[in-house]
Structure formats: structure tokens, C-alpha cells
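Asks: Sequence and predicted structure are below.
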Amino acid sequence: MVNVGLVGLGYWGPNLLRNLVTNRRAGRVVICDRDEGRLNRIGERFPNCERTLSFSEMVNSRDVDAVLIATDVSAHYPLAMEALAAGKHVFVEKPFADTAEKAGEMADKADSLGLVNMVGHTFLYSPPVIAIKGIVDSGELGDIRFITSNRVNLGLHQKDVSVIWDLAPHDFSMIFHWLDAEPTFVEAFGSGYVIEGIPDVAFVNLRFPCGAIANVQVSWLAPSKLRKTVIVGSRKMLVYDDTEPYEKVKIYDKGVDVIEPETFGEYHLAYRTGDIHSPKLDSFEPLAVEMEEFLRCIETGSTPKTSGRSGLGVVRALELADASLASGR
């Protein structure tokens with residue numbers, strides 16, 4: 001069994017904790033937060049967990065094998081590096097770090113010490129995203145031509161990061177996973193309308209080595225919640241709507257075929273409209289699978305699907321998008 005420590009009990013930390021305490025691979029669980037009131041409130045909900053206000057005390061304990069970090073992104077790097085230096089396996093919530101340089105150092109440090117390092121790209125463990133990966137890899141959609149993604153809602157405005165750093169990691173991680181590639185080109189534009197200097201709407205354009213392009217729209221300033229991705233292939237098209245209660249993934253047998261002219265003349269286009277198919281999806285909580293993978297990789301020495309290296313790729317793209325947004329280039 002793996003003894004774990006969790007630091008950060010704000011918005012997402014309790015969800016990680018809930019899945020940790022029910023995992024058969026988890027042994028001793030220690031929780032840590034600098035807010036004593038919050039630490040005690042969460043501790044009362046999970047009475048079997050030990051509590052501490054000191055991260056250093058927890059991370060240097062011989063009875064802790066791994067550390068999970070669910071704090072503000074600015075604290076990810078120093079906490080992760082301290083944990084790695086203490087010989088602990090590390091799980092870090094998304095985004096992995098606030099700069100690509102720091103993310104690279106974290107991944108390098110873990111690799112040099114033979115420690116598991118993992119980033120919380122939870123969507124990659126969700127049934128729809130897993131199914132889409134299989135569909136793309138099977139070639140059913142044909143060559144991927146472009147992807148559009150919308151992740152918008154009203155709130156929650158952050159005070160320390162732009163909407164790109166808050167929401168785009170989800171879409172970047174999924175698109176990079178489906179295409180097995182990082183972008184060769186990143187461009188972004190947007191603006192901040194509620195808090196000056198903090199962009200709350202952004203449009204990000206990306207190009208990939210295979211020739212596919214993508215557009216990701218993220219916003220905290222929209223009248224309704226939208227979580228929709230469209231993948232257009234040369235053979236078929238796919239729509240992933242995460243707000244749908246049942247048929248989250250639909251495959252459309254639609255496309256345009258170019259018919260070569262038999263004699264000199266114009267090309268003809270044949271528009272194809274076929275069936276719509278919604279594949280049956282498994283039903284499980286992605287976060288439970290994510291925690292299982294982290295603990296299993298520690299026990300077996302395997303590399304997790306969302307390793308620190310994949311986290312680095314996403315942070316690199318976030319950093320480029322942010323720089324493009326700031327410079328207008």
C-alpha cells in the first residue's frame with residue numbers, strides 16, 4: 001500500500017481526498033493546509049486522515065511515500081521540488097507549473113530520481129475522451145483536418161491567472177492526446193472585461209505536424225455553460241458534448257468528396273450525408289481512475305498516461321498562448 005500526503009484542501013483537494021480514502025492501494029493518508037479552520041473542517045469529514053499545518057513536516061515523514069499537490073499554480077513548483085528532493089512520488093494538479101522552464105525542471109528531477117510524477121489532466125481518464133482516442137486511432141474519421149472546442153461559462157473569475165491558464169489545459173490535454181502531438185504554431189487573442197489585466201475571454205489557434213488545425217475558445221463571460229468539441233476528419237465527423245447527459249459522443253457520416261472530371265472541366269463536389277452513431281460509453285468516475293493509475297504506477301514503476309512530460313507539453317502551449325495574447329503576435 002502507498003502512504004500519501006495531500007496538500008491543498010480548497011476547491012479540488014477534497015475531491016482528490018475522497019477518491020484516495022476509498023482506494024484499496026492507499027494506506028496512511030495525511031492532509032495539509034495552511035488554513036487551520038479549513039483543515040479541521042475537511043478533517044472532520046474524513047476522520048481517519050491525519051492532519052498537519054506543516055508541509056515540510058509531512059513531506060519529510062518516513063511514513064509518506066507520495067505527495068499530491070492541489071494548491072494555487074504558483075506553489076506547484078516549490079512544493080513539488082521539495083517533495084521530489086525528499087524522495088517522494090508527486091502528483092500535481094493542472095496546470096503542472098506556471099512556466100515551461102519550471103515544468104521541465106520538475107519532470108527532469110523526477111526522472112533523474114526514478115520517481116513517478118503525474119499531472120491532473122482528469123479528462124484523459126473520462127469515458128468519452130478514452131472512446132474518442134480509440135475512434136481517432138482506428139482511422140474511422142480519416143485524416144483529422146480540424147478541431148474546434150468551446151469551454152465557456154459565467155464565472156469563476158480568477159485573480160491570479162488568465163482564463164487560458166484556468167480552462168485551456170483541459171482542451172489542450174485532450175487535443176494533444178488525440179493527435180499524439182504538440183502544436184507547431186500557437187496564436188491567441190482575447191481581452192479582460194471584468195478584472196483589468198486578467199483576460200476572461202480568449203480564442204486560441206493551433207497547428208499540428210499532421211496538418212490539422214484547432215481553435216479553442218475559453219471564457220468566464222458567457223450566458224450559458226458550453227463544453228463542446230467538434231472533430232472533422234476526411235471521412236467522418238465527431239461531436240463531443242460534455243453537457244449531454246447520455247449521448248456525449250456522436251459520429252456523423254458526413255463529408256465532401258471531390259469527383260475528378262472525366263473530361264476537361266470543373267471539379268464536382270459530392271456531399272455525403274449518412275447515419276449518426278452514438279457509441280456506448282463506459283460509466284465510471286474519471287478521478288477515481290486517475291488516482292488508481294497514480295498509486296498503481298508507484299507500486300509497479302510504470303509511467304502514467306498523464307506524466308510530467310505531458311504536463312510540460314501543455315504548459316509550453318499555455319505559455320506561448322499567453323505570450324501571444326499579451327503581445328498581439
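Replies: Received it, and whenever you're ready, just let me know what you need.
Asks: to the chain's geometric centre, what's the distance from stretch 97-113?
Replies: Centre-to-centre, stretch 97-113 and its host chain are 17 Å apart (C-alpha atoms, centre = their mean, to the nearest Å).
Asks: Now that stretch: average pLDDT?
Replies: Mean per-residue pLDDT for stretch 97-113: 97.
Asks: how about the CA coordinates for that stretch, as PDB?
Replies: The C-alpha trace of stretch 97-113 is given here as PDB (Å, rounded to 0.1, in the frame of the first residue of the first chain):
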ATOM      1  CA  ALA A  97       3.600  24.600 -13.300                       C
ATOM      2  CA  ASP A  98       3.300  28.300 -14.200                       C
ATOM      3  CA  THR A  99       6.200  28.200 -16.700                       C
ATOM      4  CA  ALA A 100       7.500  25.700 -19.100                       C
ATOM      5  CA  GLU A 101      11.000  26.000 -17.600                       C
ATOM      6  CA  LYS A 102       9.700  25.000 -14.100                       C
ATOM      7  CA  ALA A 103       7.700  22.200 -15.600                       C
ATOM      8  CA  GLY A 104      10.800  20.900 -17.300                       C
ATOM      9  CA  GLU A 105      12.800  21.000 -14.100                       C
ATOM     10  CA  MET A 106      10.100  19.100 -12.200                       C
ATOM     11  CA  ALA A 107       9.900  16.400 -14.900                       C
ATOM     12  CA  ASP A 108      13.700  16.100 -15.100                       C
ATOM     13  CA  LYS A 109      14.100  15.900 -11.300                       C
ATOM     14  CA  ALA A 110      11.600  13.100 -11.100                       C
ATOM     15  CA  ASP A 111      13.100  11.200 -13.900                       C
ATOM     16  CA  SER A 112      16.600  11.500 -12.500                       C
ATOM     17  CA  LEU A 113      15.500  10.100  -9.200                       C
END
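Asks: Buried residues of that stretch, list them for me.
Replies: By 16 or more other C-beta atoms under 10 Å, the buried positions in stretch 97-113 come out as A97, D98, T99, A100, K102, A103, G104, E105, M106, A107, K109, A110. Every residue, glycine included, has its C-beta placed from N, CA and C.
Asks: from the residues you listed, which single one is nearest E36?
Replies: D98 (26.4 Å; C-beta to C-beta).
Asks: Give me the secondary structure label for that closest one.
Replies: coil (DSSP: H, G, I helix; E, B strand; the rest coil).
Asks: burial count for the closest residue to it other than its chain neighbours?
Replies: Nearest residue to D98 in three dimensions, chain neighbours excluded: V73, at 5.0 Å (C-beta to C-beta, 6 or more residues apart in numbering). For V73, the count of nearby residues is 22 (other C-beta atoms under 10 Å).
Asks: Could you pull up phi and psi at V73?
Replies: Here is the backbone geometry of V73 (degrees, to the nearest 10): phi -60, psi -30.
Asks: check contacts around it.
Replies: P95, A97, D98, D160, V161, W165 (C-beta atoms under 8 Å, 6 or more residues apart in numbering).
Asks: I'd guessed F189 sits against A202; true?
Replies: Yes. Using C-beta atoms under 8 Å, F189 makes contact with A202 at a distance of 7.1 Å.
Asks: Same drill for the two, tell me which one is more crowded.
Replies: It is A202, of F189 and A202, that has more neighbours when counted by other C-beta under 10 Å, with 24 against 15.
Asks: pretty sure the more buried one contacts I164?
Replies: Yes. Taking contacts as C-beta under 8 Å, A202 lies within contact range of I164: 5.1 Å.
Asks: okay, and the common contacts of those two?
Replies: With C-beta under 8 Å, 6+ apart as the test, A202 and I164 both reach A188, G190, V218, A321, L325.
Asks: taking these one by one, which sit in strands?
Replies: If you go by DSSP state E, the shared contacts of A202 and I164 have A188, G190, V218 in strands.
Asks: Bridged to the second one, which residues?
Replies: Applying DSSP bridges to G190 yields these beta-bridge partners: A202.
Asks: Right, I'll leave it there.
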